[in-house]
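Student: Got a predicted model here, sequence first, then my questions.
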Amino acid sequence: EAGVAQSPRYKIIEKRQSVAFWCNPISGHATLYWYQQILGQGPKLLIQFQNNGVVDDSQLPKDRFSAERLKGVDSTLKIQPAKLEDSAVYLCASSPRTVQETQYFGPGTRLLVL
Amino acid sequence: DQQVKQNSPSLSVQEGRISILNCDYTNSMFDYFLWYKKYPAEGPTFLISISSIKDKNEDGRFTVFLNKSAKHLSLHIVPSQPGDSAVYFCAAVRMDSSYKLIFGSGTRLLVRP
């Protein structure tokens, strides 16, 4: 079974630029999550999708971050414009259903904002 | 407001000995707890979990203990192996909410050969 795929693996941009990350969850997984992990901290949930609907985006900075999950499969997370404090690893995870405690994580995208 | 805390950023143990990783939480509404393991340049992988109705769960070399009155859980690894060297994250969830995982800041375990 293929795992969660993410791209790119690394990205360096200057502040005020925009950036987008892509995630392909495990086949058949209904629930998809985006996390932000700042150095020295644990992952923090940004947004959770159930199929292509948003379940929780309470911690997503909506003035600059956006996410979509078209057709309930792949997802993209966008930052526009980026700030220095957005430097972090962005992790995508999926689970078979919403009521599922175990989540399967991708390798993450490491973003550096200069 | 850190609801899940791992107060030891790092731990070093000798191969073959026991590793004990600790985690404290503040929200008494949490009713499910998980441990994830993370190698460099990889995403976290699920290791072991425990429901709040239990006080112990064992899986091979890994055992998680839960003390609800103290709001404390621990992960025991016996015997420790060099391949166990990784960052370990504790996470908590409320089963009656959106199943949002709240992670601690992690403990880096180094198992010395």
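Tutor: It's in.
Student: is residue 66 in a bridge, and if so with what?
Tutor: No chain specified, so I'll use chain A. residue A:78 (DSSP bridges).
Student: could you do chain B instead?
Tutor: Beta-bridge partners, per DSSP bridges, of residue B:66: residue B:73.
Student: Quick check: pLDDT value at it.
Tutor: Listed pLDDT for residue B:66 reads 97.
Student: OK, contacts around residue 31?
Tutor: If you meant another chain, say so; for now it's chain A. Shown in contact with residue A:31 (C-beta atoms under 8 Å, 6 or more residues apart in numbering or on different chains): A:48-50, A:55, A:94-98, A:100. For every residue, glycine as well, the C-beta is placed using N, CA and C.
Student: should've been chain B
Tutor: Here residue B:31 is in contact with B:51-52, B:93-96 (C-beta under 8 Å, 6+ apart).
Student: related to what we said a few turns ago, now render the contacts of residue A:31 as JSON lines, adding pLDDT and distance to chain B.
Tutor: Formatted as JSON lines, those follow (pLDDT from 0 to 100; distance: C-beta to the nearest C-beta, whole Å):
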{"residue": "A:48", "pLDDT": "92", "distance to chain B": "6"}
{"residue": "A:49", "pLDDT": "92", "distance to chain B": "11"}
{"residue": "A:50", "pLDDT": "89", "distance to chain B": "9"}
{"residue": "A:55", "pLDDT": "88", "distance to chain B": "6"}
{"residue": "A:94", "pLDDT": "93", "distance to chain B": "11"}
{"residue": "A:95", "pLDDT": "90", "distance to chain B": "8"}
{"residue": "A:96", "pLDDT": "85", "distance to chain B": "12"}
{"residue": "A:97", "pLDDT": "75", "distance to chain B": "9"}
{"residue": "A:98", "pLDDT": "58", "distance to chain B": "6"}
{"residue": "A:100", "pLDDT": "59", "distance to chain B": "7"}
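Student: Are any of these buried, and if so which?
Tutor: A:48-50, A:55, A:94-95 (16 or more other C-beta atoms under 10 Å in any protein chain shown).
Student: Which two of the residues you listed have the greatest separation?
Tutor: A:55 and A:94 (12.9 Å; C-beta to C-beta).
Student: What is the distance between stretch A:37-50 and the centre of its chain?
Tutor: For stretch A:37-50, the gap between its own C-alpha mean and the chain's C-alpha mean amounts to 8 Å (C-alpha atoms, centre = their mean, to the nearest Å).
Student: From the rest of the structure, what touches it?
Tutor: By C-beta under 8 Å, 6+ apart, stretch A:37-50 touches A:30-36, A:54-57, A:59-60, A:65, A:67, A:69, A:72, A:75, A:77, A:87-91, A:98, A:108, B:4, B:6, B:9, B:44, B:89, B:91, B:98, B:100-101, B:103-106.
Student: List only buried entries from those.
Tutor: A:30-36, A:55-57, A:60, A:65, A:67, A:69, A:75, A:77, A:87-91, A:108, B:4, B:6, B:44, B:89, B:91, B:100-101, B:103-106.
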